[in-house]
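S.K.: Starting from these lines, generate the structure:
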Amino acid sequence: MKLFHLLFGIALLILFLWTGQHMRHTLHVGDMLGMERALFRAGHLYLLLSAVPHILLGTYFTFSKNHICRLGQWIGSILFVVSSLLLVYSFFVDLPPKMIERHHARLGLYGMLAGTLFHSVVPIIFRERKGVGF
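M.R.: The predicted structure is shown next:
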């Protein structure tokens, strides 16, 4: 799981860098006006947002010994992966000139929040402490 998150996060980071160049050289986002430009950049930043938790989990992740906490970790990780894929899909499909509502991006962002809650709140609720000074 740790290696998967790290490699997936690095792949997303590379995709973020590539889409930045794609926006600059192919889509010419710098020449666009206000709202359209802002929507492209927001979608681009969502890709960076999706890479960060994977890289962090790939660096620090350890499975819990508590079965309920471990289940929460699995659910959170699945939510992170699905949310990241939704944000990538949204960048390429929910294009700003066609629609201002980005339904896939919204679901991806909510999924990121839910994944974060599963990874952080479940261990607190079930009193799993790792000497962090609670």
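S.K.: Go ahead and confirm Val122 touches Gly72.
M.R.: Yes. Applying Cβ atoms under 8 Å, one finds Val122 in contact with Gly72, separated by 3.2 Å. Any C-beta I mention is one placed from the backbone N, CA and C, and that applies to glycine too.
S.K.: How far off centre is stretch 30-48?
M.R.: In terms of Cα atoms, centre = their mean, to the nearest Å, the centre of stretch 30-48 is found 17 Å from the chain centre.
S.K.: contacting residues around that stretch?
M.R.: Outside stretch 30-48, the residues that touch it by Cβ atoms under 8 Å, 6 or more residues apart in numbering are 12-13, 15-16, 19-20, 23-24, 27, 29, 87-88, 90-91, 94, 96-97, 100, 102, 105, 108-109.
S.K.: Which of the residues you listed fall in helices?
M.R.: The subset of the contacts of stretch 30-48 located in helices under the criterion DSSP state H comprises 12-13, 15-16, 19-20, 23-24, 87-88, 90-91, 105, 108-109.
S.K.: and His103, what does it touch?
M.R.: So His103 contacts 90, 94 (Cβ under 8 Å, 6+ apart).
S.K.: With His54 instead?
M.R.: His54 sits in contact with 5-6, 8-9, 12, 80, 84, where contact means Cβ under 8 Å, 6+ apart.
S.K.: Quick check, central residue of the protein?
M.R.: In the chain, the C-alpha closest to the average C-alpha coordinate belongs to Ser50, at a distance of 2.0 Å (Cα atoms, centre = their mean).
S.K.: three-state assignment of that one?
M.R.: Here Ser50 is helix, with the state taken from DSSP: H, G, I helix; E, B strand; the rest coil.
S.K.: List the single closest residue to it in space, sequence neighbours excluded.
M.R.: With sequence-adjacent residues excluded and distances taken as Cβ to Cβ, 6 or more residues apart in numbering, Ser50 is closest to Ser84, at 3.9 Å.
S.K.: Would you mark the buried spots in the strand or helix carrying the one you found?
M.R.: Following DSSP states H and E, one finds Ser84 within helix 67-93. Within helix 67-93, the residues scored as buried using 16 or more other Cβ atoms under 10 Å are 69, 72-73, 75-77, 79-88, 90-91.
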